[in-house]
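Visitor: one predicted model, sequence on top.
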Number of protein chains: 2
Amino acid sequence: MNRTSFELLILGSSSASPTSSRSSSAQLLNIAERFFLIDCGEATQIQLRKFKAKFQSIDHIFISHLHGDHFFGLPGLLSSMHLLGRKQTLTIYGPENLKSIIEAINKVSETRLNFSINWVFTKNQGLNLLFEDKKIEVYSFPLKHRIFCTGFLFKEKPLPRKIDKYLLKKLNISVADILLLKNGLNVTNQEGQTIQNKEVTIDPDIERSYAYCSDTIFNPKLKDYISNVDLLYHESTFLEEHADRAKKTYHSTAKQAAEMAKKTNAKQLLLGHFSARYSDLDLFLNEAEPIFKNCILAIDGKKIKI
Amino acid sequence: MNRTSFELLILGSSSASPTSSRSSSAQLLNIAERFFLIDCGEATQIQLRKFKAKFQSIDHIFISHLHGDHFFGLPGLLSSMHLLGRKQTLTIYGPENLKSIIEAINKVSETRLNFSINWVFTKNQGLNLLFEDKKIEVYSFPLKHRIFCTGFLFKEKPLPRKIDKYLLKKLNISVADILLLKNGLNVTNQEGQTIQNKEVTIDPDIERSYAYCSDTIFNPKLKDYISNVDLLYHESTFLEEHADRAKKTYHSTAKQAAEMAKKTNAKQLLLGHFSARYSDLDLFLNEAEPIFKNCILAIDGKKIKI
């Protein structure tokens, strides 16, 4: 059986200002057909259209911090959702001040959205559960940037054990006991025999995870929050030749991102948030790969299966 | 001699929401190398880059009203101007509430722009002079929309009379008298003879003008403000088949825009602000041309010489 989807679409990969080929920060994560928009730089709605993502399916938007390249696309996206007749509630997770900005904009434009916004404010400490349903958990965790900023951790919940349906029938196990088996328990069949869980089940797929670190200075403390993820997005605004600038502006270099992937034992590293000064992005891979082998670049429009 | 430039670049031509081929409202007007940005919908900075316009040359931005499709690109443009090292003052003309929105955004992002903004607030009545220098005047005038909204009128000042330099020399006229001649006065030459102005000058080019009507219901009163312009931009959000919708939302149809061009005795009509529901824009021309012959469509990237 195919696993449920866990796929990331890069909508923007630029830092600060967009360039002719790179839009401002935004990503769309699809886990089991839940669509999570992560950051929403200017023109995110245009990128969503360009890459044929249905933005009315987005019910959750996560904003890491209030630098414009991470949220200037939000007012326009909300407006378009409204104009296209959205009714269902949208939940926005982010810094508390975001609410007042959106409300001030709606006030001056005399806009009353057709749908409700459920605001969930991020906090500056620890791993905070923001969202969960039966399949997924999403947490925020603090990043170290010039202003209050959080990363986001998306995790599948532990999956149920996989059942061999042929054996179920053969061993005369009641359908009512399937849930017990999925949860790893033994059962008694209709002849009164005890069936060991392992006789009829196999281990489930290991739950997958994605960590998003939008804007941050190199910070070894991240290890406490996001160890062992399948994919780590870590900003690499600069190359080492501009390490001083990175430090001064609370950003990271490609080398530092690679070191963080190593420290947190990530399986794969996604580099992004590239400064407009660089046109050849291979330089980022060249710098990161000697430290952490499994690196990829965030390119607008790229899809990454986790 | 070539006339000084008077050229309009269409940056966006969509209403409400951008489409895959039409960005939100924005135009760049170059009159004698003064660059005026008119409205600034989302992604205007991206359009400026795409069409190779130097946005650091823009010293004046005019915002017609505070619906998002006319100003959501402004925070990002200001941020990029700042990041690219702008120092010179920028003047923004628009509704008073715009200032508080921009200031609130700069506050939450802890941004202190490197350059000053000179705010000039538009008023809801009459023709108001917003800007003038030796060559140009810019006025606002009221439009009738759901919220406070103004149009903008850009006019060259009357040009000086053109002088025949060969005759100047031949008739022994002092260089010091050139200004008098340019202003239409007679002069006395170095032999004491009176030289009639018309002997050595010819009529100047007629001063050109452009009127911008962003969002408005059909309003015959416009005639009082913008008669005889060389180019009239008048929104045509809808076709006549949706005239009811136009009226309800305080917008116009292509037919109404054409009627306004006729009533105001414009030389040419530029249609734009097209609703995303229409993909074939020729329908707008088909509707407008039987009423007013000289029509063109606003297409992103199009340059129009006035």
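Guide: Perfect, thanks for sending it.

Visitor: going by C-alpha atoms from here, please, whenever you check contacts or count neighbours.
Guide: Will do.

Visitor: how near is A:Glu235 to B:Lys303?
Guide: With distances taken as Cα to Cα, to the nearest Å, A:Glu235 is found 39 Å from B:Lys303.

Visitor: please save the CA atoms from the helix or strand of chain A with the lowest mean pLDDT in CSV.
Guide: When each helix and strand of chain A is scored by mean pLDDT, DSSP states H and E, helix A:165-170 comes last, with a mean of 89. In CSV, the C-alpha atoms belonging to helix A:165-170 read as follows (Å, rounded to 0.1, in the frame of the first residue of the first chain):
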residue,chain,number,x,y,z
LYS,A,165,-5.9,-9.5,6.3
TYR,A,166,-5.5,-13.0,4.8
LEU,A,167,-4.3,-14.3,8.1
LEU,A,168,-7.1,-12.5,10.0
LYS,A,169,-9.6,-14.5,8.1
LYS,A,170,-7.6,-17.8,8.2
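
Visitor: hmm, who's touching that helix?
Guide: A:174, A:200 (Cα atoms under 8 Å, 6 or more residues apart in numbering or on different chains).

Visitor: C-terminal to it, what's the next element?
Guide: Once helix A:165-170 ends, the next helix or strand along the chain (criterion: DSSP states H and E) is helix A:178-182.

Visitor: report the buried residues of that following helix.
Guide: Using 16 or more other Cα atoms under 10 Å in any protein chain shown as the test for burial, helix A:178-182 gives A:178, A:181-182.

Visitor: please apply the same query to stretch A:20-33.
Guide: Residues A:22-31 are the ones in stretch A:20-33 that count as buried (16+ other Cα under 10 Å).

Visitor: ok, so of these, who is nearest chain B?
Guide: Nearest to chain B, judged by Cα to the nearest Cα, of the buried residues of stretch A:20-33 is A:Ser23 at 8.7 Å.

Visitor: so the closest one sits against A:Ala16, correct?
Guide: No - using Cα atoms under 8 Å as the test, A:Ser23 is too far from A:Ala16 to be in contact (9.7 Å).

Visitor: quick one: end-to-end length of stretch A:93-101, please.
Guide: With Cα to Cα as the measure, stretch A:93-101 spans 14 Å from end to end.

Visitor: residues in contact with the residue of the stretch 101-250 of chain A found nearest chain B?
Guide: Residue nearest to chain B within the stretch 101-250 of chain A (Cα to the nearest Cα): A:Ser109, separated by 5.0 Å. Contact analysis of A:Ser109 by Cα under 8 Å, 6+ apart lists B:66-68, B:147.

Visitor: quick one: the strands in the stretch 151-300 of chain A?
Guide: A:162-163, A:187-188, A:194-195, A:201-202, A:209-213, A:231-235, A:268-272, A:295-297 (DSSP state E, counting those that start in this stretch).

Visitor: which outside residues touch the helix of greatest length in chain A?
Guide: Criterion DSSP state H: the longest helix present in chain A is helix A:97-108. If you take Cα under 8 Å, 6+ apart as the criterion, helix A:97-108 is touched by A:66, A:75, A:112, A:119, B:66, B:97, B:101, B:104-105, B:108.

Visitor: near chain B, which residues of the stretch 1-150 of chain A show up?
Guide: The stretch 1-150 of chain A has residues A:16-20, A:42-43, A:46, A:49-50, A:66-69, A:72-73, A:75-76, A:79-80, A:83, A:97, A:101, A:104-105, A:108-110, A:147 near chain B, with proximity defined as Cα under 8 Å from any Cα of the partner chain.

Visitor: many thanks, have a good one.
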